[in-house]
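Colleague: Here is my input, please return the structure:
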Amino acid sequence: MMKAKIGYEEHSPLKDKIESDPTLIDAALHPVGIMQCQTHQEEVNSVNYKVVYVSPLRRTLMTTLNMFKNHPNKDNIKFIVLPIVTEALISSCDIGSDIFELEKEFSTCGIKFDFGMIM
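Modeller: Model prediction:
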């Protein structure tokens, strides 16, 4: 029997503090969050992932991009954008952007995100 390895990675810190701007929608990662992703790249690169499910929020897409951008097998990993893995609505930042905008924004980032489960 083949063993499956399941991992979970929460997105890194937001670019802006939610408390300071309740109108903030779908925020980007803070530069500290990007550095945290880079810190974990070696660990992520050591796992032979087949599928990675990603929330359709900008910060989770950016977290995935920054953690997997140097993965030796990234071209063979399926990065599936899946709304059901989005965290609960707690603040305005948990409201996602237009999915077509996100697909366009992340279409040339070096990782092929599959938005097919949404469209």
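Colleague: Check I6 and give its pLDDT.
Modeller: I6 carries a pLDDT score of 58 in this model.
Colleague: avg pLDDT for the helix or strand that contains T60?
Modeller: For T60, the host element (DSSP states H and E) is helix 58-68. Mean pLDDT, helix 58-68: 92.
Colleague: Direction included, what does the next helix or strand along the chain from that helix pair up with?
Modeller: Note on helix 58-68: by DSSP H and E, the next helix or strand toward the C-terminus is strand 78-81. Take DSSP bridges as the rule and strand 78-81 pairs in its sheet with strand 51-54 (parallel), strand 113-114 (parallel).
Colleague: burial measure for F113, as a count.
Modeller: As a burial measure, F113 scores 21 neighbours (other C-beta atoms under 10 Å). C-beta coordinates here come from the backbone N, C-alpha and C atoms, glycine included.
Colleague: need the strands paired with strand 78-81 in TSV with distance to F79 and mean pLDDT, can you?
Modeller: Listed next are the strands paired with strand 78-81 as TSV, based on distance: least, C-beta to C-beta, whole Å; pLDDT from 0 to 100:
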stretch	distance to F79	mean pLDDT
strand 51-54	5	94
strand 113-114	5	96
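Colleague: Of those, which is nearest K104?
Modeller: strand 113-114 (11.1 Å; C-beta to C-beta).
Colleague: Which residue ranges of the chain form helices?
Modeller: Applying DSSP state H to the chain gives helices spanning 31-39, 41-45, 58-68, 99-105.
Colleague: how about a markdown table for these, with mean neighbour count and distance to V51 added?
Modeller: Shown next, in a markdown table, are the helices of the chain (neighbours: other C-beta atoms under 10 Å; distance: least, C-beta to C-beta, whole Å):
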| stretch | mean neighbour count | distance to V51 |
| --- | --- | --- |
| helix 31-39 | 15 | 19 |
| helix 41-45 | 14 | 14 |
| helix 58-68 | 23 | 12 |
| helix 99-105 | 14 | 19 |
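Colleague: Save the ones you listed as JSON lines, and put in distance to V52 too.
Modeller: Below are the helices of the chain laid out as JSON lines (distance: least, C-beta to C-beta, whole Å):
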{"stretch": "helix 31-39", "distance to V52": "13"}
{"stretch": "helix 41-45", "distance to V52": "10"}
{"stretch": "helix 58-68", "distance to V52": "6"}
{"stretch": "helix 99-105", "distance to V52": "16"}
